[in-house]
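1. Have a look; sequence and predicted model below, questions after that.
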Amino acid sequence: RLNQYRKLYRLGGGLRYREGRYQDPEEKFEMGDAAVLLRQAINVPAQDAARYIRDGLWTQARIPDYLDEHAAARADAVALTDQNKSLTWAELHNRCHRLAASLQSKGLRRGDIVVANLPAGINQVVAYLAILICGAVFLPLPPQTNGAMLAAWLKRAGAKAAILGSAQDQPTLAGELASLAKQSGSLDLVIQDNETRSDDVHSLIEMMDGHDDNPHTGGAAGLAATDPALLLIADDNADNLTTLAIHSHQSLVSGAASVEAEIAGETEIAGDPARPLASQLSLTTGAGSLVLHLALRTGRTLQFSQPSRPDMALVATCANHVITIARSGAGDIQIMSTNQISAAMINTGIIGDGATWKPSIGSQARIVNEYGTSLLDGQPGHLQLLGPGQCVGYTDGPTNRTIDGWLRTNHHATMSGTDIQKMNDSPKTKV
């Protein structure tokens, strides 16, 4: 009876509890203020979430689960490679858990936000996966982000930690942020991609390669697939303190699953379904995120360098939010992916002008006029998208979502059935 009383009435919880919006008041003390605000910003229409779960598009799988699965099933297979080194799935698993244990020992908790301006590569992936193992949230920024803008993003996001590129690229930035951390109400930890630590600045290399008493964590207690995992800048411009798109484990995994289904449905060269995936895309973009999660879902090697034999790899490139996966002997695949929705549309036919697109698995598209009214087949208008790979919410600021949850794009298009033909891009119209 006491528990029921607390649920219904404590802190005015009665109305929120009856409307399904109740949040236990103790959660605030288990998570930081920024983590609680981030969860409160998640807003997915109930009917859409129910459909995604019913159709198996959203599952309980969390992103670190795939790392555990591949480390157990194919421990000696290569997971990541670049021009300088390679990691097997077992080595990647150990390195991620070692870094996660070190981060947790230094106070990183579930829901905390970590900002990083690492370049695309192995260390960026290791940092991302380790942060998710801790139950924290990753906010990647471009490597060239200057100190003033980085500090502004740290303050805006309420970040608990910052992971910076090498001192060779940014010699004074880490020290400046360490001084800022002493005055900050939230920033506690500054890490740099160096081999040795300095005053108040921890070494990412030492934390990944060090020998902790407990190198393997069990992950954050209570980590759920619905938890936020990745924050991406909604308008792709890190120089503006703009809205952040919130992606959960579910939405990220779902976007990769839809592309995986398309690749699995096509004939691979020499009957080999496990060709490596070559890409130099960064996690700062929806395209880079999609490619990484596709590799995690399928267990493919992710190669951050140009393949010596392009005909033996899937090569992923991106231009204007369109990812092209080149597949020698099987035809190319194009995927429309933005920082707000991954794998929204897929094209496996004609590449380039005149291409016909279709919504990815579980996604929907509609054409509306300037007043938001749906148009008939063949009538040109504004393209709007909805799908399980869409971000689950936004931080404070303007969004490109309609009241009923559809994402406005900057494309004019026509539809015939489920076939979509894009026309010229147009300025975003908020209707």
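-> Noted; the coordinates are in hand. Residues are numbered from 1 along each chain as shown.

2. use CA for all of it now, contacts and neighbours both
-> Noted.

3. so what secondary structure elements neighbour the longest strand along the chain?
-> Looking across the chain with DSSP state E, the single longest strand is strand 407-416. Under the contact criterion of 3 or more C-alpha pairs under 8 Å, 6 or more residues apart in numbering; DSSP states H and E, strand 407-416 touches strand 364-368, strand 381-386, strand 419-425.

4. what about stretch 253-270, average pLDDT?
-> Averaged over stretch 253-270, pLDDT sits at 70.

5. For L150, what are phi and psi?
-> phi -60, psi -40 (degrees, to the nearest 10).

6. Give me the pLDDT value at it.
-> 86.

7. Then H321?
-> H321 is given a pLDDT of 84.

8. for the one 3 residues further on, same thing?
-> With respect to pLDDT, T324 scores 87.

9. go on, D65?
-> 94.

10. and what of A49?
-> The model reports A49 with a pLDDT of 91.

11. Whichever strand or helix holds it: which residues count as buried?
-> A49 is part of helix 46-54 when elements are defined by DSSP states H and E. Residues of helix 46-54 classed as buried under the neighbour-count rule (16 or more other C-alpha atoms under 10 Å) are A49, Y52.

12. Name the residues that touch it?
-> W58, T59, G362, P388 (C-alpha atoms under 8 Å, 6 or more residues apart in numbering).

13. Near the second one, how many other residues are there?
-> Residue neighbour count, defined by other C-alpha atoms under 10 Å, stands at 17 for T59.

14. can you put the helices and strands packed on strand 407-416 in a markdown table and add mean neighbour count, distance to Q83 and mean pLDDT?
-> Listed next are the helices and strands packed on strand 407-416 as a markdown table, based on neighbours: other C-alpha atoms under 10 Å; distance: least, C-alpha to C-alpha, whole Å; pLDDT from 0 to 100:
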| stretch | mean neighbour count | distance to Q83 | mean pLDDT |
| --- | --- | --- | --- |
| strand 364-368 | 21 | 40 | 93 |
| strand 381-386 | 24 | 38 | 93 |
| strand 419-425 | 17 | 37 | 74 |
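
15. Could you save the contacts of helix 46-54 as TSV and add columns showing secondary structure, pLDDT and distance to S416?
-> Below are the contacts of helix 46-54 laid out as TSV (DSSP: H, G, I helix; E, B strand; the rest coil; pLDDT from 0 to 100; distance: C-alpha to C-alpha, whole Å):
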residue	secondary structure	pLDDT	distance to S416
W58	coil	93	28
T59	coil	91	31
G362	coil	89	18
P388	coil	93	22
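
16. how about those residues, which pair is most distant?
-> The largest separation in the contacts of helix 46-54, counting by C-alpha to C-alpha, is between T59 and G362 at 13.3 Å.

17. Buried residues of the longest strand of the chain, list them for me.
-> Neighbour counts over strand 407-416 (16+ other C-alpha under 10 Å) mark L407, R408, T409, H411, H412, A413, T414, M415 as buried.

18. In a markdown table: those residues, plus pLDDT.
-> Formatted as a markdown table, the buried residues of strand 407-416 follow (pLDDT from 0 to 100):
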| residue | pLDDT |
| --- | --- |
| L407 | 91 |
| R408 | 89 |
| T409 | 86 |
| H411 | 85 |
| H412 | 89 |
| A413 | 89 |
| T414 | 91 |
| M415 | 91 |
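
19. Out of the residues you listed, which comes closest to A159?
-> The closest of these, once distances to A159 are taken by C-alpha to C-alpha, is L407, at 27.3 Å.

20. After the helix holding A49, heading C-terminal, what element do we hit next?
-> helix 63-73.

21. Return the distance of that following helix from the chain's centre.
-> 18 Å (C-alpha atoms, centre = their mean, to the nearest Å).

22. just checking, what packs against that helix?
-> Looks like helix 63-73 contacts helix 89-105, helix 122-133, helix 286-298 (3+ C-alpha pairs under 8 Å, 6+ apart).

23. Could I get the CA-only coordinates of the last one as CSV?
-> Listed next in CSV are the C-alpha coordinates belonging to helix 286-298 (Å, rounded to 0.1, in the frame of the first residue of the first chain):
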residue,chain,number,x,y,z
GLY,A,286,23.9,9.3,-39.6
ALA,A,287,25.7,7.7,-42.5
GLY,A,288,28.7,6.7,-40.4
SER,A,289,26.5,5.5,-37.6
LEU,A,290,24.5,3.3,-40.0
VAL,A,291,27.6,1.7,-41.5
LEU,A,292,29.1,0.9,-38.1
HIS,A,293,25.8,-0.6,-36.8
LEU,A,294,25.5,-2.6,-40.0
ALA,A,295,28.9,-4.1,-39.4
LEU,A,296,28.0,-4.9,-35.7
ARG,A,297,24.7,-6.5,-36.8
THR,A,298,26.3,-8.7,-39.5
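
24. so A278, which of the three states?
-> strand (DSSP: H, G, I helix; E, B strand; the rest coil).

25. correct me, but it touches P307?
-> Yes. Between A278 and P307 there is a contact under C-alpha atoms under 8 Å: 6.6 Å.

26. Point to the residue nearest the middle of this protein.
-> When C-alpha atoms, centre = their mean is applied to the chain, the residue found nearest the centroid is L230 (4.1 Å).

27. if we can go back for a sec, looking at A278 and P307 now, which is surrounded by more residues?
-> Between A278 and P307, counted using other C-alpha under 10 Å, the more crowded position is A278 (27 against 18).

28. Could you dump the helices and strands packed on strand 407-416 into JSON lines and include distance to V259?
-> Converted to JSON lines, the helices and strands packed on strand 407-416 look like this (distance: least, C-alpha to C-alpha, whole Å):
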{"stretch": "strand 364-368", "distance to V259": "15"}
{"stretch": "strand 381-386", "distance to V259": "16"}
{"stretch": "strand 419-425", "distance to V259": "17"}
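
29. Relative to L92, which of the ones you listed is closest?
-> So among the helices and strands packed on strand 407-416, strand 381-386 is nearest, using C-alpha to C-alpha, at 34.2 Å.

30. and the angle for the closest one with strand 407-416?
-> Relative orientation of strand 381-386 and strand 407-416, computed by axes from the mean of the first three to the mean of the last three C-alpha atoms, to 10 degrees: 120 degrees.

31. orientation of strand 381-386 relative to helix 46-54 in degrees?
-> 60 degrees.
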